[in-house]
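# Fold the following.
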Amino acid sequence: MNELLSDAKGDHELIVELALSAGAAVVWWFDFATRDVIWMPGLAEMLGMTGEPEQLVTARLAELVAPLTVAAERAPVWQGFELEQQCAAPDGSTRWIRFRACVSSRPDSHSLVGIATDVTGRHTQQQELADLADRYRLLVELSPEAIVVHQDGRLVYANPAAVRFVRAGSEAELIGRSITEFVHPASVPQMLARISRLTAPGATTDPAEAVLLRSDGGTTDIESVSVHTTWHGRPAFQVIMRDVTAQKAAAAALNYQAALVAHVSDALIATTADGVVTSWNPSAEAVYGHLAADAIGHPISGVVGAALDPAAILEAGGVDQAVHYRSDGNALAVRVSVAPMADGYVLICADETARRRAEQHFTTVVAALEEGVIVVGSTGEVQSVNPAAERILRIRTENVVGRAPRVAELRDETGRPIRPSDYPWLRTRQSGRAQNGCVVCLVHTDGRTIWLSLSCQALSVEGTAPWPVVISFTDITQQRMIDERLAYEATHDALTGLFNRTVAIDRLDPATRGHRPGSTAVLFIDLDKFKVINDSLGHSTGDQVLRVIGERLSRSVRPGDVVGRLGGDEFAVIAYGITDPGDAVAMAEHIRGALNAPIAVDSRNLHIDASVGIVIAEPHDERDGGELLRDADLAMYQAKTQGRGRYAFFDVDLREHTQRRLQLEQDLRQAPGNAELWLAYQPIVDLRTGRTTAVEGLLRWTHPRYGVISPGEFIPIAEDSDLINIVGAHMLRTATAEIRDLRAGRFPDLHLTVNLSARQLDDPHLVPAIRAAIETAGIPPGALCLEITESALMRAPAVATSTLAALRDLGAGLAIDDFGTGYSSLAQLLTLPLDILKIDQSFTAGLGRSKDAEAIVTSIIAMAHAVDLTVIAEGVEQPHQLDILRDLGCDQAQGYHLGRPTPAADLAHGSG
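Sure, this is the predicted structure:
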């Protein structure tokens, strides 16, 4: 021992170094040669062996450092060793000793120098820290609150509760993701602002609410606190989150209940078991006029102005109708509902004063209504009937209240029976949907029928069907009859009872025809010479004839065909299912045969014939009813032009011709003002001298679209309309002006002949117009000769004679044109103030070929000369015709052989 201690002096520096690194320590040595161990004082206390024999302490030390001595025996000088050993003290306590040692550097001694340090306190602290960490880990892992740690904005830790909060499958689904992915966008700015204020470790935010986004798409309301902490040595933030969804819902429910109590329109009152008021809401103040401060603490009967026993009401069923009084003494009709509480009662007092007053007013109004009102309860029984309903339905309240509504039969607007299950009030009872404006026919058990405009409305749709219904209705029987009569009159002809034009057009509509098989034939029927019956026998007789015609037409058609009167003496038959045009022809002939039978009227047998226009409309024909009637009308006029009592089919050429005729008529009105009308002059030659003594003015029309229009086309159009007088006046003005110029030049004695139509002879303005034209042009009246056809003279002989006399008085010459083609006789010629007779070109054409023609011309010339008339032959186109006429003593002639019609300008320059 002493040797080791002496050696310690040589190891002083080594001991000092070990001591400095260990703190408070006890020195010890181990000699490798002798295997001895020595130690300095204090080791026994360190090992918990105070008072123990030195040999035991040395043995315990040798045991504890044995691992070091074995390891250091062959170690080089200065190599250090360190070992911590658990040491059990004799008193049962446990010590932790830290041994540090180095191999001695003394050449004369091979030993290990070491120190022993008691580190029991440090081990105890470490264990406590480990235990604390385990407890904290368990606290975090098992916490019901979500706890996460985020670093640099991304999650690095999440406890199980956090995984549940966001409905994730595991912590791995969260780690590494941005913290903002789990926060509602509206909550992110506030969250980031709170975190930015945590600048020092341990700093925490105040609790704040946010909305957490879940993986299933839902949200969770949370309250969170963030703490500035560290994670693996780097700054991080720990967030503790608490689910406040239920708490917020509960708070909202409490707020709602509080608001409901404060704002409910009914008085809400709480009392003790003895009936003393403990709660009085604002509506109670409004209903009763007492402030809460004045009501609380007082008996309920005193503040409602009437006896009120909550216990008695509760025992009687919990509801009572009562009369209470406000603080100002006004009576209140109140519905009281009572429910028990743990220490008393809660009462709901509903002020029904206004409702009951309204019910009284409603009952009074309903009783005064002219409209019938019946209320049917949810059980299907009649609850009330107003006086108007009793009057309209002829019922008594006592006989129907408490019973189901009963009718023998109910029909819809078309007259078809309605199934009982489809009655309007039953449908409303089952569906809750209103039935408004239903027109129904009610058939009573006694056979009476009335028409009603009926509406049904559910009084309430709460709960389940069936619901109570109010039925209101008006008697429209009389109005219905008026409407039906008006509807009949709107679709039928008043005289014949047949359908009118409106119905005919409707039945010919493509959509209507499309439902019928085969083609549709339209027969447009016009009675021939019916105007004669009206004019000679009177309109009353005419009406009788039309009624008979309507009856015969109705009997002459097939079932399903339509017969209509279009107006006047025009009728239409619409025949469906026509397979062949021959069917339409057969029908037309059948109808004509029926109409041809004598009609006995006022002891007269009248015979009627008709012209029929036919249109066949195929199934795909897109013409509407108006167009088909128009085309049938055109075909009818075509039939009339072929002779009375005929039929004709419509074709497209006929329509185009008619359209062209209408267009020309419209354009002819503008033609004089547009300078489209002009005159061509055909020379009339004196057969004795060969000189041109006169010209016939022939009207020409150059149309801007159609070019030259033949006079044979536009003159009839002018005559059939009122245009002939306008066109004739224009012709006279133009012709007299141009003849004046010709007489002033090349033809000083030239005469002008122009044609007058039958309509012009009827015009009272004709003579003044001719006088004005002569005076304006400044020509002698005798230079003008007016030509009139035989047919015009025969149309109205008296008028023609009067007009011709006035023209003769004017000084103009008069000629009869186309002689021999009409019904003139010599006797008639002698009665008319004529100057010239013109032989029709049809007779001139036969000269040299027919002895009959020559004999007729000879007779005409002789007859005319006998009455001192000048004879002009028309249509001279061959030289031999001219020679014959000259030999027969004809005075003058005109025709292409002598000169074609030419403009006045060409005549003036000699080119005509």
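
# SS state for residue 906?
helix (DSSP: H, G, I helix; E, B strand; the rest coil).

# With residue 240 instead?
Per three-state DSSP, residue 240 ends up strand.

# ok, what's across the strand from it?
residue 147, residue 225 (DSSP bridges).

# is it true that it touches residue 144?
No. At 11.0 Å, residue 240 does not count as touching residue 144 under the criterion of C-beta atoms under 8 Å. The C-beta positions use only the backbone N, C-alpha and C, and glycine is treated the same way.

# higher neighbour count, these two?
Using other C-beta atoms under 10 Å as the criterion, residue 240 and residue 144 rank with residue 240 on top: 21 against 10.

# any weak-confidence spans in the stretch 701-850 of the chain?
795-796, 820-830 (pLDDT under 70).

# which stretches of it form strands?
707-709, 751-756, 784-789, 813-819, 836-839 (DSSP state E, counting those that start in this stretch).

# which stretch among the ones you listed comes nearest residue 533?
Comparing the strands of the stretch 701-850 of the chain against residue 533 with C-beta to C-beta, the closest turns out to be strand 784-789 (29.6 Å).

# Direction included, what does the closest one pair against?
Applying DSSP bridges, strand 784-789 is found paired with strand 751-756 (parallel), strand 813-819 (parallel).

# what does the model give residue 649 for pLDDT?
Predicted confidence (pLDDT) for residue 649: 91.

# and the nearest residue to it once chain neighbours are set aside, how many neighbours?
Spatially, and ignoring its direct neighbours in sequence, residue 649 is nearest to residue 614 (5.0 Å; C-beta to C-beta, 6 or more residues apart in numbering). By the measure other C-beta under 10 Å, the count of residues near residue 614 is 25.

# Kindly report the same for residue 748.
Neighbours of residue 748 (other C-beta under 10 Å): 8.

# Format the strands of the stretch 701-850 of the chain as CSV; extra columns: mean neighbour count and distance to residue 74.
As requested, these are exported to CSV (neighbours: other C-beta atoms under 10 Å; distance: least, C-beta to C-beta, whole Å):
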stretch, mean neighbour count, distance to residue 74
strand 707-709, 13, 143
strand 751-756, 24, 164
strand 784-789, 23, 167
strand 813-819, 23, 168
strand 836-839, 25, 172
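
# so can I have TSV of the ones you listed showing distance to residue 104?
Formatted as TSV, the strands of the stretch 701-850 of the chain follow (distance: least, C-beta to C-beta, whole Å):
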stretch	distance to residue 104
strand 707-709	149
strand 751-756	169
strand 784-789	172
strand 813-819	174
strand 836-839	177
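
# about what we covered before: how far does the helix or strand harbouring the residue nearest to residue 649 sit from its chain's centre?
Taking DSSP states H and E as the criterion, residue 614 maps to strand 610-617. Centroid separation between strand 610-617 and its chain, computed with C-alpha atoms, centre = their mean, to the nearest Å, is 43 Å.

# Let me know the distance separating residue 221 from residue 161.
15 Å (C-beta to C-beta, to the nearest Å).

# now swap in residue 349 and tell me
49 Å.

# Next: residue 675.
Distance from residue 675 to residue 161, by C-beta to C-beta: 106 Å.

# what pairs with the helix or strand hosting residue 452, and is each one parallel or antiparallel?
Using DSSP H and E, residue 452 falls within strand 449-458. Sheet pairing here is set by DSSP bridges, and for strand 449-458 it gives strand 435-443 (antiparallel), strand 469-475 (antiparallel).

# Buried residues in the first one, which are they?
Right, the one you point to is strand 435-443. 435, 438, 440, 441, 442, 443 (16 or more other C-beta atoms under 10 Å).

# If I follow the layout properly, the third one ends up in contact with residue 410?
Yes. Look at residue 440 against residue 410 with C-beta under 8 Å: they come within range, at 5.5 Å.

# Overlap of the contact sets of those two?
residue 418 (C-beta atoms under 8 Å, 6 or more residues apart in numbering).

# want to throw the strands paired with strand 784-789 into TSV with distance to residue 249?
Below are the strands paired with strand 784-789 laid out as TSV (distance: least, C-beta to C-beta, whole Å):
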stretch	distance to residue 249
strand 751-756	108
strand 813-819	113
